[in-house]
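A.B. asks: Predicted model and sequence below, questions to follow.
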Amino acid sequence: MNFLSIVLFAGIVIEVCASSVDTGYFWQVTDFHYDANYSTKGDPLRMCHDMSGGSYSNSIYGNYHCDSPWKLIQSATAAMKRIHPNPDFILWTGDSVPHVADSDLDLQKVQRNIGNITLHLRFVFPDTKIYPVLGNHDEYPKDAYPPAPGSDYYKGIIQNAHFDQLLTNDTAKQFLTGGYYTTLIHPGLRVMGLNTNLLYSQDKLTANSDDPAGQFQWMDNTLTKARTAKEKVIILSHVPPGVFEKYNSLMWFYDKFNIRYVRILQKFSDIITAQIYGHEHTDSFRILKDTQGSPVGTLFLAPAVTPWNSSLAGVGANNPSLRLYIYNKTDGTILNYKQYYLDLASLIHGVGNTNWTLEYDAQRDYQLPDLSPKSMNNLAVSFNQDNSAMFLKYLTFNSVSQTVKPGCDSVCKLTHVCSITELELLNFKLCQSSETTRTTQHPGPTPSHRHRRPVGKMYIYIIIGLGAVVFLLFIVVAIVCIRRRRHFVPHRFSRFSNSLGSGPIN
């Protein structure tokens, strides 16, 4: 068998083992921001609330200046049920309350609002496990989570917002401490629902705290136990760490909390296989790097159901969206995701329909070999190239195909790239100050500094070395296949076609 045959043979073995991955699906839905006062006759510049003498004509499914009417929420959940009706679970990443003044709300209204979403999700998916977390608007007053553990607010969410229908007795008991919890999805795979609103820079109550509601210590203890038990972990939360990609230097966490949070992620990057967030309303991602600058994790940031035009200047609105993840059921690794959306503009102009359609397939449309941290980091770095076609795609997807801000200059592009590739503020600023984003690859020695071997012998050494590596790889992979009780018969796989992550097509 010659060297090329060995390589091809090993490739077949690797593909066979890859095909044995136990693939599953789960939905993420985030930032409903349900507004019970939405009116089709309301002033769009006043959140579409019914005004005396108003003569406006808004879609029953929403307006880009306003939060979600109930019809939009029903449409979103119906689309989830139609596109993939039996997911393994649903991650609901918070913010059910509308963007209105605290004076328009009270604690009962907030809990009732969240409870309406809870009951509706349970009605549409009666047999599906739903893992919820709270958003920064889900407290009353908003952005005011208390630093001390055991607030009565969490008890009210369990009882009055009906989280008792989503959380088991054990997880509900944990939730009462500070709005965070953990439980097994199945043996070997754990979910951790965090309350990162406690770390949010708009929460003035936690500014002087070292560890709001004891969440940092709980995270470290829980992840340590998970590692000992040889478990992998999926993290879900509302507010992500890092800098908002559409608003220069806007850090979501207090810097001291951001640093500590990132350190925990780095410490346990070997067992944290997926991180899922909401909050931004935009479609983006973040790269977790180790202390040497190598990518070791990806944070996936899904866009919102609400189309609301952000109050931050220049950020704009988005089309309503939903995200379906394809993942490895054994270890929780994200294999791919599919982004679905509702073209609200066509509905507003009376020329569209209520079919939620596939906006993009991440692996296919970003032309990725996989969604590993390394591949996602390479994608982000490629955005910085002149006339990057991938960056233009990303910009379109960032607002869920609702581009409001005209163009994106070099400063805008660098802000996007640096926010994705650098989770800490200092590194973000260093990234911005350079003309091009830094990569984790270092140039090798120049030809003049290399030790030169005779050409003929050099190729022999290379071939022997590569052959040995491939042979060892073959042995390792074959052992894995045997342990998975897969029978390897070479000729059966000579026409192997990888369909991994194809998923349902709408």
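C.D. replies: Ah, there it is.

A.B. asks: Is the residue nearest the centre of the chain within a helix or a strand, and which one?
C.D. replies: For the chain, the residue nearest the mean C-alpha position is residue 300 (2.2 Å; CA atoms, centre = their mean). Element membership of residue 300 [criterion: DSSP states H and E] is strand 295-301.

A.B. asks: who's in contact with the helix or strand following that strand?
C.D. replies: Sequence order places strand 321-328 as the next helix or strand after strand 295-301, per DSSP H and E. Where contact means CB atoms under 8 Å, 6 or more residues apart in numbering, the residues beyond strand 321-328 that reach it are 21-29, 76, 79-80, 83-84, 87, 273-274, 276, 283, 300, 302-305, 333-342, 356, 359, 400, 501, 503-504. Where C-beta positions appear, they are placed from N, C-alpha and C, glycine not excepted.

A.B. asks: Repeat the analysis, applying 6 Å as the threshold.
C.D. replies: For strand 321-328, contacts defined as CB atoms under 6 Å, 6 or more residues apart in numbering pick out 21, 24-29, 80, 84, 302-303, 334-341, 400, 501, 503.

A.B. asks: Same question for stretch 152-163.
C.D. replies: Here stretch 152-163 has contacts from 111, 114-115, 118-119, 164, 172, 175-176, 179, using CB under 6 Å, 6+ apart.

A.B. asks: and the nearest residue to residue 125 once chain neighbours are set aside, what are its bridge partners?
C.D. replies: Distance criterion CB to CB, 6 or more residues apart in numbering; nearest residue to residue 125, sequence neighbours excluded, is residue 90 at 6.3 Å. Note on residue 90: beta-bridge partners by DSSP bridges are residue 27, residue 130.

A.B. asks: Please report the distance of residue 90 from residue 128.
C.D. replies: 6 Å (CB to CB, to the nearest Å).

A.B. asks: so what's in contact with the two at the same time?
C.D. replies: In contact with both residue 90 and residue 128: no residue, using CB under 6 Å, 6+ apart.

A.B. asks: Against residue 399, how distant is the residue nearest to residue 395 when sequence neighbours are not counted?
C.D. replies: Closest residue to residue 395 apart from its sequence neighbours, by CB to CB, 6+ apart: residue 408 at 5.8 Å. Distance from residue 408 to residue 399, counting by CB to CB: 11 Å.

A.B. asks: Among those two, which residue is more densely surrounded?
C.D. replies: Higher neighbour count among residue 408 and residue 399: residue 399, with 21 against 18, using other CB atoms under 10 Å.

A.B. asks: how many neighbours does the closest residue to residue 261 other than its chain neighbours have?
C.D. replies: Distances taken as CB to CB, 6+ apart put residue 241 closest to residue 261, at 5.2 Å, once the chain neighbours are dropped. Residues contacting residue 241 under the criterion other CB under 10 Å number 24.

A.B. asks: Quick check, residue 241 in contact with residue 258.
C.D. replies: Yes: judged on CB atoms under 6 Å, residue 241 makes contact with residue 258 at a distance of 5.1 Å.

A.B. asks: Show the contacting residues for residue 35.
C.D. replies: Residue 35 makes contacts with 67, 98, as judged by CB under 6 Å, 6+ apart.

A.B. asks: Quickly list what the residue nearest to the centre of the chain is bridged to.
C.D. replies: With DSSP bridges as the rule, residue 300 is bridged to residue 276, residue 285.

A.B. asks: Can you read off the pLDDT for it?
C.D. replies: Turning to residue 300, the model gives it a pLDDT of 98.

A.B. asks: Return the distance of it relative to residue 204.
C.D. replies: Using CB to CB, we find residue 300 at a distance of 29 Å from residue 204.

A.B. asks: cool, residue 434 as well?
C.D. replies: Distance of residue 434 to residue 204, computed by CB to CB: 34 Å.

A.B. asks: Tally up the residues packed near the closest residue to residue 65 other than its chain neighbours, please.
C.D. replies: Spatially, and ignoring its direct neighbours in sequence, residue 65 is nearest to residue 44 (4.1 Å; CB to CB, 6+ apart). By other CB under 10 Å, the residues close to residue 44 number 14.

A.B. asks: I figured residue 44 hits residue 64, correct?
C.D. replies: No: with contact defined as CB under 6 Å, residue 44 does not reach residue 64; the gap is 7.9 Å.

A.B. asks: what about the residue lying closest to residue 117 once chain neighbours are set aside, how many neighbours?
C.D. replies: Distances taken as CB to CB, 6+ apart put residue 96 closest to residue 117, at 4.7 Å, once the chain neighbours are dropped. Residue 96 is flanked by 28 other residues according to other CB under 10 Å.

A.B. asks: Now residue 96: phi and psi?
C.D. replies: phi -100, psi -20 (degrees, to the nearest 10).

A.B. asks: Write the PyMOL selection for whichever of the contacts of stretch 152-163 are buried.
C.D. replies: Of the contacts of stretch 152-163, the buried ones go into a single PyMOL selection, burial set by 16 or more other CB atoms under 10 Å:
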select buried, resi 111+114+115+118+172+175+176+179
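
A.B. asks: now, among the contacts of stretch 152-163, which is nearest to residue 388?
C.D. replies: The closest of those to residue 388 turns out to be residue 179 (CB to CB; 39.6 Å).

A.B. asks: Please enumerate the strands of the protein.
C.D. replies: 23-29, 38-43, 49, 89-92, 129-132, 181-186, 189-193, 232-236, 272-277, 284-289, 295-301, 321-328, 334-341, 357-361 (DSSP state E).
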